[in-house]
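> What follows is a predicted protein model with its sequence.
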Amino acid sequence: MVEDGRRVLSNVVSSQAALHAVYGGVVPEVAARHHLENICPVIAKAMSDAGMTYPELDAVAVTQGPGLVGALLVGVQVAKGIAFVHRKPLVPVHHIAGHLEAPSLARGAEVPLPALALVVSGGHTSLFEMAGRGEYRLLGRTRDDAAGEAFDKVAKLLGLGYPGGPVIDRLSEGADDQAHEFTIARIKDGRPDFSFSGVKTAVLYYVRREGIAPVADPAAAPKEVRDLVASFQRAVVTALLRKLEQTARTRRPRSLILTGGVAANRRLRADAARLAEDLGLPLFVPPIALSTDNAAMIGAAGQVAFEQGRRAGWDLDADPHLPLG
């Protein structure tokens, strides 16, 4: 529940991480069933935490896409039902727009525009230019794996569990991130795009060549594994921020944004802060609770869309490939 697109009244999250951990990744059918079982209790708690009733709502915002179609459908249908019964405007929101608006919730102030935003998650790795509120222009994106997906696959390869980002972050602390030198992909056509399949495959080949067995207990991972994931993490962070820096020097934004689930990574946050200082630009990074997927960020993006007159009809449908910019 969000007020004026800036103040979080409530933000209830029903995590599925434990459900999917046994599979080493997200299972779409399991995700959809979990959404179906938990969406009504989550909404009820959000309303209770905010001290709000349905008649007091100005509008109902909902993620239309992109994402897993089953989970999206559950959200869209429930939002349509609430909006219809209580005669409220229905506002469709792009998932990435939510991440782009999340920093405003944390700081409670306008982000200086134009801004250059790096969105990094399990499903997305993209560079956006925000020329104005609700104006998002896609400049670059991953050509294969998203950064978060690469973290998950390397963690699975080494027996570290799911999701991979947090455990790799923890194991990298104090490890030798110079132990291995992984090549960072170069995009020959000059676009500020990303590619992480190469570094992921390089880790795979090293593990096979050296005969490294999956770790039985991630908390007791040997130095060899800790140094390996620290070096992998360094390569991914370097690739992300290299593109951010190059694009910032070309586009000359007034501020930088780092957002998405992988923005919770401590190495990425620290190195991004140093880059922003070098560029003389303010950096906006949501707290971890607002970096990973959450409803408050959709409320913030919904407020922007609502103010700009965006409305959906009762024929609104989920779109797992919805473009932005």
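Nice, thanks for sending it over.
> make it CA atoms for all contacts and neighbour counts henceforth
Fine.
> Tell me the pLDDT of the closest residue to residue 223 other than its chain neighbours.
Leaving aside its sequence neighbours, residue 223 sits nearest to residue 175 (CA to CA, 6 or more residues apart in numbering; 7.4 Å). Here, the pLDDT recorded for residue 175 equals 98.
> Okay, residue 175 and residue 270: tell me how far apart.
Distance, residue 175 to residue 270, by CA to CA, to the nearest Å: 16 Å.
> list the buried ones in the longest helix along the chain?
Ranked by residue count and defined by DSSP state H, the top helix of the chain is helix 223-251. Neighbour-count burial for helix 223-251 flags 225-241, 243-245, 247-248 (criterion: 16 or more other CA atoms under 10 Å).
> what is the rounded mean pLDDT of that helix?
The average pLDDT for helix 223-251 rounds to 98.
> so what strands line up beside the helix or strand following that helix?
Next helix or strand after helix 223-251 toward the C-terminus (DSSP states H and E): strand 255-259. Paired neighbours of strand 255-259 in the sheet (DSSP bridges): strand 115-120 (parallel), strand 283-284 (parallel).
> Nearest to residue 5 among those would be which one?
Nearest of the strands paired with strand 255-259 to residue 5, taken as CA to CA: strand 283-284 at 16.2 Å.
> Check the offset of the closest one from the chain's centre.
Computed by CA atoms, centre = their mean, to the nearest Å, the chain-centroid distance of strand 283-284 equals 16 Å.
> Let me see the ranges of the helices in this structure.
Secondary structure of the chain (DSSP H): helices at 17-21, 28-50, 69-86, 95-107, 147-157, 164-172, 197-210, 223-251, 266-279, 288-291, 295-307.
> Using CSV, write out every CA atom in the last one.
I take that to be helix 295-307. Extracted in CSV, the C-alpha atoms of helix 295-307 (Å, rounded to 0.1, in the frame of the first residue of the first chain):
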residue,chain,number,x,y,z
ALA,A,295,4.3,-4.8,-4.0
ALA,A,296,5.3,-1.3,-2.8
MET,A,297,7.4,-0.6,-5.9
ILE,A,298,4.4,-1.6,-8.1
GLY,A,299,2.3,0.9,-6.1
ALA,A,300,4.9,3.6,-6.7
ALA,A,301,4.9,3.0,-10.4
GLY,A,302,1.1,2.7,-10.4
GLN,A,303,0.9,6.2,-8.8
VAL,A,304,3.0,7.6,-11.7
ALA,A,305,0.8,5.8,-14.3
PHE,A,306,-2.4,6.9,-12.5
GLU,A,307,-1.3,10.5,-12.5
